[in-house]
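Engineer: Could you work out the structure for the sequence below:
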Amino acid sequence: MVNIDEVLTRCVTNIIPNKEKLEELLKSGKKLNVYHGIDPTATRIHAGHAIGLRKLQEFVELGHNVTFLIGNFTALIGDTSDKDKERPVLTYKEIKENFLAYKKQTSKILDFKKVTVKFNSAWLSKLKFADIIKLCQEFSFGEFAGRELIKKRLQDKKRVGLHEALYPVMQGYDSYIMDTDIQIGGADQTFNMQAGRLLQSNLRQKESFIVVTGYLTGTDGRKMSKSWGNAIWLSDSADEIYGKTMSLPDDLIVEYFENATNVGENKIKDVKKALSGGVNPINIKKELAITLVTELRSKKEAIKAKNTFEKSFQKHDPEYILEIKLQKTLADTIAPFTNLKSAGDAKRLIQQGGLTINGDAVSDLNYKIKKGDKIKIGKKIFGILI
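Structural biologist: Got it, this is the predicted structure:
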């Protein structure tokens with residue numbers, strides 16, 4: 001049974017305007033309109049996205065009207081809230097292809113029998129130019145230009161497309177047209193979600209709420225991101241999920257239990273107690289890996305992945321289970337799988353003899369790698385280049 005207090009605290013970093021008002025509304029028994037959206041700018045969804053999806057599912061279990069919004073129109077622009085440059089413009093064909101894989105992946109988290117799926121092209125594509133101008137009058141361009149990354153790009157004399165300023169307007173209109181009571185999104189989406197709250201207030205004289213979720217740290221130490229590829233993907237195989245989890249730094253164990261799984265608060269308390277009590281972190285990490293694979297795949301696959309991992313890594317059997325995507329350079333290729341914060345750190349690992357390719361030690365940064373190469377990074381990361 002979902003607890004309202006836990007819904008408003010776990011994986012939540014902020015509630016706008018405040019938690020107390022939203023808690024009072026939730027306890028009133030009124031059915032609320034809740035939504036969370038994803039733009040289909042890639043073919044895969046990662047465990048960081050699952051935080052918002054899981055939060056959305058909690059509102060399903062509380063009995064509210066829940067919508068999973070596919071931003072197939074906003075994806076034409078692409079949100080640059082957490083990007084230091086313009087997104088490439090996608091075609092309708094690319095957006096359609098990206099969406100095809102979304103429902104299969106999100107069904108691991110959401111109960112689609114109780115969730116409404118909508119596409120924002122249904123209303124955004126029908127707006128006339130006069131309608132857009134009228135919407136834009138509700139917003140200040142100065143506020144958009146004052147956003148941290150936008151300001152930095154302008155200061156660095158990088159291009160900021162005028163169309164980018166329309167993204168918050170469109171997302172705000174999504175919230176307005178669906179008469180949203182609660183928007184769910186990450187911290188990087190706060191500005192865009194505030195646009196929806198503004199339109200609800202100005203055009204409907206209605207107060208709405210924003211639930212800001214935390215983010216998940218990726219395999220390279222940065223925020224997990226579609227663009228950076230430093231992710232545990234919902235479409236990953238059981239072996240990939242298990243292997244990537246086992247390669248995480250020990251200080252991320254609690255974060256992943258809290259933000260990437262459905263385990264209860266008591267379990268998380270037990271994990272914290274065990275780690276502070278001196279239990280070997282690798283044993284707790286195995287529990288985490290089993291939990292993640294079970295939730296995203298199945299218990300049977302989790303046990304099989306555990307056995308494969310122990311056979312391959314701990315006993316050094318030459319069986320390669322991680323698929324590593326070939327990048328422009330050797331350092332760029334291995335960085336996401338070594339929990340290194342930059343290609344520079346990866347270069348140092350290579351130069352210090354921490355890399356083996358096809359059984360041979362490699363310290364040359366310019367070594368030409370190719371698909372099919374078998375690679376060992378450090379002492380425990382095995383993979384094959386794809």
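Engineer: next one: phi and psi at G48?
Structural biologist: Main-chain dihedrals, G48, degrees, to the nearest 10: phi -70, psi -40.
Engineer: Who does the nearest residue to G359 once chain neighbours are set aside form a beta bridge with?
Structural biologist: Of all residues not flanking G359 in the chain, K374 sits nearest, at 7.6 Å (Cβ to Cβ, 6 or more residues apart in numbering). C-betas here are computed from N, CA, C, even on glycine. Counting by DSSP bridges, K374 forms beta bridges with I384.
Engineer: For the stretch 251-386 of the chain, just list every one of the strands.
Structural biologist: In the stretch 251-386 of the chain, the strands defined using DSSP state E, counting those that start in this stretch lie at 322-324, 355-357, 360-361, 374-377, 381-385.
Engineer: just to revisit the earlier point, my guess is the residue nearest to G359 contacts I381, does it?
Structural biologist: No. With contact defined as Cβ atoms under 8 Å, K374 does not reach I381; the gap is 11.8 Å.
Engineer: So those two - more neighbours on which side?
Structural biologist: Higher neighbour count among K374 and I381: I381, with 21 against 15, using other Cβ atoms under 10 Å.
Engineer: still on that earlier bit, for the strands of the stretch 251-386 of the chain, which one sits closest to K30?
Structural biologist: If you check each of these against K30 by Cβ to Cβ, strand 322-324 wins as the nearest, at 47.4 Å.
Engineer: Tell me the predicted confidence for D131.
Structural biologist: pLDDT, D131: 96.
Engineer: Assign a three-state SS to it, would you?
Structural biologist: When classified by DSSP: H, G, I helix; E, B strand; the rest coil, D131 comes out as helix.
Engineer: any chance of the strands of the stretch 251-386 of the chain in CSV, with distance to H64 too?
Structural biologist: Compiled in CSV, the strands of the stretch 251-386 of the chain are given as follows (distance: least, Cβ to Cβ, whole Å):
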stretch, distance to H64
strand 322-324, 39
strand 355-357, 51
strand 360-361, 57
strand 374-377, 45
strand 381-385, 43
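Engineer: where does the stretch 251-386 of the chain have low pLDDT?
Structural biologist: 312-323, 337-342, 379-380 (pLDDT under 70).
Engineer: all helices for it, in order.
Structural biologist: Assigned by DSSP state H, counting those that start in this stretch, the helices in the stretch 251-386 of the chain fall at 253-260, 265-276, 281-296, 299-309, 330-334, 343-351.
Engineer: which parts of the third one are buried?
Structural biologist: Under the neighbour-count criterion of 16 or more other Cβ atoms under 10 Å, helix 281-296 has 281, 284-296 buried.
Engineer: domain ranges for this structure?
Structural biologist: 4-213, 236-317, 320-386 (automatic domain parsing).
Engineer: so where's the stretch 51-200 of the chain shaky on pLDDT?
Structural biologist: 77-92.
Engineer: Can you list the residue ranges for helices in it?
Structural biologist: 92-100, 102-106, 121-124, 129-136, 141-145, 148-155, 166-177, 190-204.
Engineer: Could I get the helices of the stretch 251-386 of the chain in TSV, plus columns for distance to Y167?
Structural biologist: Output for these, formatted as TSV (distance: least, Cβ to Cβ, whole Å):
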stretch	distance to Y167
helix 253-260	26
helix 265-276	36
helix 281-296	30
helix 299-309	39
helix 330-334	29
helix 343-351	30
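Engineer: Next, the contact list for the residue lying closest to G196 once chain neighbours are set aside, please.
Structural biologist: Using Cβ to Cβ, 6+ apart and skipping residues adjacent in sequence, the residue nearest G196 is S175, 2.6 Å away. Residues near S175 by Cβ atoms under 8 Å, 6 or more residues apart in numbering: Y35, Q183, M193, A195, G196, R197, L199, Q200, S208.
Engineer: just G172 next, same as before
Structural biologist: Taking Cβ under 8 Å, 6+ apart as the test, what G172 contacts is L135, E138, F139, N192, A195, G196, R197, L198, L199.
Engineer: again with H64
Structural biologist: Neighbours of H64 in contact, by Cβ under 8 Å, 6+ apart: K31, L32, N33, V34, I182.
Engineer: The closest residue to A75 other than its chain neighbours and K368, how far apart?
Structural biologist: Leaving aside its sequence neighbours, A75 sits nearest to D39 (Cβ to Cβ, 6+ apart; 4.2 Å). Applying Cβ to Cβ, to the nearest Å, the value for D39 to K368 is 36 Å.
Engineer: Pick out whichever of the two has more residues nearby.
Structural biologist: D39 (25 against 7).
Engineer: L76 is in contact with that one, correct?
Structural biologist: No. Taking Cβ under 8 Å as the definition, D39 is not a contact partner of L76, at 9.2 Å.
Engineer: so which of the helices of the stretch 251-386 of the chain comes closest to N72?
Structural biologist: Of all the helices of the stretch 251-386 of the chain, helix 281-296 comes closest under Cβ to Cβ, at 24.8 Å.
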